[in-house]
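Participant: What would the 3D arrangement of this be:
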Amino acid sequence: MAVSLLTLVWAGGPLTNSKAAWCVVRPGHFVVVALDAQIRRQSKLVEREAAVSPKQLKTRSAMCRCGKVTFEAADPPILTVLCYCTSCQEAGRRFEQLPLAPRVLDPDGGTGYIMYRKDRVRCVQGQEYLEEHQLKPGSPTRRIVATCCNSAMVAEFTKGHWLSMYQNRIAESAPPLEMRVMTKDRRAGVEFADQIPSYRTHSGRFMVKLVAAWIAMGFRTPQMNWGRAKG
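Facilitator: A predicted model of the protein is given here:
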């Protein structure tokens with residue numbers, strides 16, 4: 001799921017009832033110049049999690065359909081979402097057309113993601129099968145597919161500090177869905193009958209959680225080297 005960091009440059013709009021402010025220091029990066037109470041609370045929670053030894057964190061596994069590729073992620077995730085943006089829908093359609101590929105999109109066109117800090121995700125098996133896909137040449141978003149069975153595994157915004165694991169690839173029970181985003185791009189006729197928060201774009205809570213995780217990471221943006229370029 002692509003979220004440009006430039007969307008976090010804000011001075012009073014998207015974060016309702018918030019007084020946070022952001023400024024751009026160079027393309028693709030941002031810094032916090034003021035934190036409201038909501039971000040402070042979230043940051044403290046994430047800082048407490050960061051104080052726990054990595055060995056004490058519960059891990060969650062994501063496997064390709066045939067079992068040759070396995071990722072591990074240390075809980076808790078940043079967020080669990082269903083994304084309806086046009087890019088995720090297009091990527092899902094392309095991946096589902098690959099030979100013997102498993103399902104990517106939900107019946108309503110949404111793509112389920114579990115979002116983690118990049119420093120809490122690793123490929124523990126089958127890295128040689130990973131291949132990156134981009135919807136357009138030069139796109140900052142790449143999606144990693146296990147070529148052994150054409151399973152979509154993770155989506156990465158390369159300029160960001162988070163990684164989005166495809167929920168369909170989680171081997172054990174996935175954490176509950178927290179919100180839907182980018183619903184303005186959903187298919188015609190799709191309506192939501194449950195009580196899960198649904199947002200036309202990206203909500204203030206979505207942004208706050210991303211920023212809080214970045215603060216806990218010391219404003220680092222780890223580089224992920226998985227996945228050979230598609231030939």
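
Participant: Could you list the buried residues of stretch 159-176?
Facilitator: 159-170, 174 (16 or more other CB atoms under 10 Å). Just so you know, the C-beta spots here come from the backbone N, C-alpha and C atoms, and that holds for glycine as well.

Participant: Okay, and which of the residues you listed map to strands?
Facilitator: 162, 163, 164, 165, 166 (DSSP state E).

Participant: what's the closest of those to residue 129?
Facilitator: residue 166 (15.3 Å; CB to CB).

Participant: who's in contact with the closest one?
Facilitator: 62, 104, 111, 112, 113, 152, 153, 154, 155 (CB atoms under 8 Å, 6 or more residues apart in numbering).

Participant: can you give me the helices for the chain?
Facilitator: Per DSSP state H, the chain carries helices over the ranges 37-50, 86-96, 204-216.

Participant: count of residues packed around residue 147?
Facilitator: Per other CB atoms under 10 Å, the neighbour tally for residue 147 reads 18.

Participant: gap between it and residue 75?
Facilitator: For residue 147, the distance to residue 75 (CB to CB, to the nearest Å) stands at 28 Å.

Participant: And residue 83, by the same measure?
Facilitator: From residue 83 over to residue 75 (counting by CB to CB), the distance is 21 Å.

Participant: More neighbours: which of these two?
Facilitator: The neighbour comparison of residue 83 against residue 75 (other CB under 10 Å) goes to residue 83, with 25 against 13.

Participant: Please name the residues that touch the most centrally placed residue in the chain.
Facilitator: Central residue of the chain (CA atoms, centre = their mean): residue 164, 2.8 Å from the mean position. Applying CB under 8 Å, 6+ apart to residue 164 gives the contacts 1, 113, 114, 115, 116, 154, 155, 156.

Participant: Poorly predicted segments of the chain, please.
Facilitator: Along the chain, the model assigns pLDDT under 70 to residues 1-56, 231.

Participant: right, and residue 85 touches residue 180 too?
Facilitator: No - judged on CB atoms under 8 Å, residue 85 makes no contact with residue 180 at a distance of 10.9 Å.

Participant: Apart from its neighbours in sequence, what residue is nearest residue 203?
Facilitator: Distances taken as CB to CB, 6 or more residues apart in numbering place residue 179 nearest to residue 203, at 6.4 Å, with adjacent residues excluded.

Participant: Kindly apply the preceding question to residue 91 instead.
Facilitator: Here the residue nearest residue 91, using CB to CB, 6+ apart, is residue 143, at 5.6 Å.

Participant: Show me the beta-bridge partners of residue 228.
Facilitator: residue 131 (DSSP bridges).

Participant: Kindly provide the distance from it to residue 184.
Facilitator: For residue 228 relative to residue 184 (CB to CB), the value is 35 Å.

Participant: Likewise for residue 195?
Facilitator: Counting by CB to CB, the gap from residue 195 to residue 184 is 20 Å.

Participant: residues near residue 74, how many?
Facilitator: 20.

Participant: what are the bridge partners for it, then?
Facilitator: The partner residues for residue 74, given DSSP bridges, come to residue 59.

Participant: Just confirm it contacts residue 59, I think it does.
Facilitator: Yes - Residue 74 lies in contact with residue 59 (CB under 8 Å); the separation is 5.6 Å.
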